[in-house]
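Trainee: could you work out the structure for the sequence below:
(chains A and B)
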Amino acid sequence: AQSVAQPEDQVNVAEGNPLTVKCTYSVSGNPYLFWYVQYPNRGLQFLLKYITGDNLVKGSYGFEAEFNKSQTSFHLKKPSALVSDSALYFCAVRKGAGGYNKLIFGAGTRLAVHP
Amino acid sequence: GAVVSQHPSWVICKSGTSVKIECRSLDFQATTMFWYRQFPKQSLMLMATSNEGSKATYEQGVEKDKFLINHASLTLSTLTVTSAHPEDSSFYICSARENGLQSAPQHFGDGTRLSIL
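Mentor: All right, here's what the predicted structure looks like:
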């Protein structure tokens, strides 16, 4: 069965410091991996995805993520955090192509960036 | 970029009322749309997959007669919460994927907060 684990409920980081939000997955075959961000009382905004190719993918707002097949991980990173990055972050996996294939979400990680 | 519009954003109504939520893909066509429910401080729970021109596929434990889904066109899916009760109060979010793009992400609406008194 597909699953996604986000081991940290919350990540605290000082503004200007690098941040990492962790994600590991379990899925057979080649996964499609996604990161989304959610602000209070809003839907999810797409940040970036890994489908194939380079393991390091760059996305919106300066975020990037590294796909590591051997560790089945897809950690989200940013070199220098902003207070405005404070939000809820979700990692998600889909089993390959196919419009019907469902997204499986992690439990979410709350990022708090302190001035 | 792909935009999904969800309406209304906030509903407060009395117990027993039926509430309809609309989800529209504004600049792309979507044969498949998804409906989620999110409880406070929790992740998204997939309720059903909405398929244009056919019946929705409901996840285990979701009452299809309670949560009616209609996907009448390639840009519109609706979720109707029938005879809503306080336990149906939640944040409901829809999403859609653009047709023909296998690697496209799902794009989400801004959600509907439903409060049943």
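
Trainee: mind listing what residue 93 touches?
Mentor: Picking chain A for this. Neighbouring residues of A:Val93 by CB atoms under 8 Å, 6 or more residues apart in numbering or on different chains: A:2, A:4, A:25, A:27, A:31-34, A:103-104. In this view, the C-beta of every residue, glycine as well, is placed from N, C-alpha and C.

Trainee: not quite, go with chain B.
Mentor: Here B:Ile93 is in contact with A:43-44, B:6, B:35-38, B:44, B:108-109, B:111-112 (CB under 8 Å, 6+ apart).

Trainee: please convert those residues to TSV, extending it with secondary structure and pLDDT.
Mentor: Formatted as TSV, the contacts of B:Ile93 follow (DSSP: H, G, I helix; E, B strand; the rest coil; pLDDT from 0 to 100):
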residue	secondary structure	pLDDT
A:Gly43	coil	89
A:Leu44	strand	93
B:Gln6	strand	97
B:Trp35	strand	97
B:Tyr36	strand	96
B:Arg37	strand	96
B:Gln38	strand	93
B:Leu44	strand	91
B:Phe108	strand	95
B:Gly109	coil	96
B:Gly111	coil	95
B:Thr112	strand	96
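
Trainee: just the ones of the contacts of A:Val93 in strands?
Mentor: Residues of these located in strands (DSSP state E): A:4, A:25, A:32-34, A:104.

Trainee: please list which of these are also close to chain B.
Mentor: A:32, A:34 (CB under 8 Å from any CB of the partner chain).

Trainee: in three-state terms, label B:Phe28 for me.
Mentor: coil (DSSP: H, G, I helix; E, B strand; the rest coil).

Trainee: tally up the residues packed near it, please.
Mentor: 19 (other CB atoms under 10 Å in any protein chain shown).

Trainee: same question, B:Phe39
Mentor: 11.

Trainee: tell me the pLDDT at it?
Mentor: As predicted, B:Phe39 sits at a pLDDT of 88.

Trainee: look up how far chain A lies from it.
Mentor: 12 Å (CB to the nearest CB, to the nearest Å).

Trainee: was I right to think that residue contacts B:Ser89?
Mentor: No. B:Phe39 is beyond contact range of B:Ser89, at 9.7 Å (criterion: CB atoms under 8 Å).

Trainee: roughly how far does the residue lying closest to B:Asn70 once chain neighbours are set aside sit from chain A?
Mentor: Leaving aside its sequence neighbours, B:Asn70 sits nearest to B:Thr78 (CB to CB, 6 or more residues apart in numbering or on different chains; 4.9 Å). Counting by CB to the nearest CB, the separation of B:Thr78 from chain A is 17 Å.
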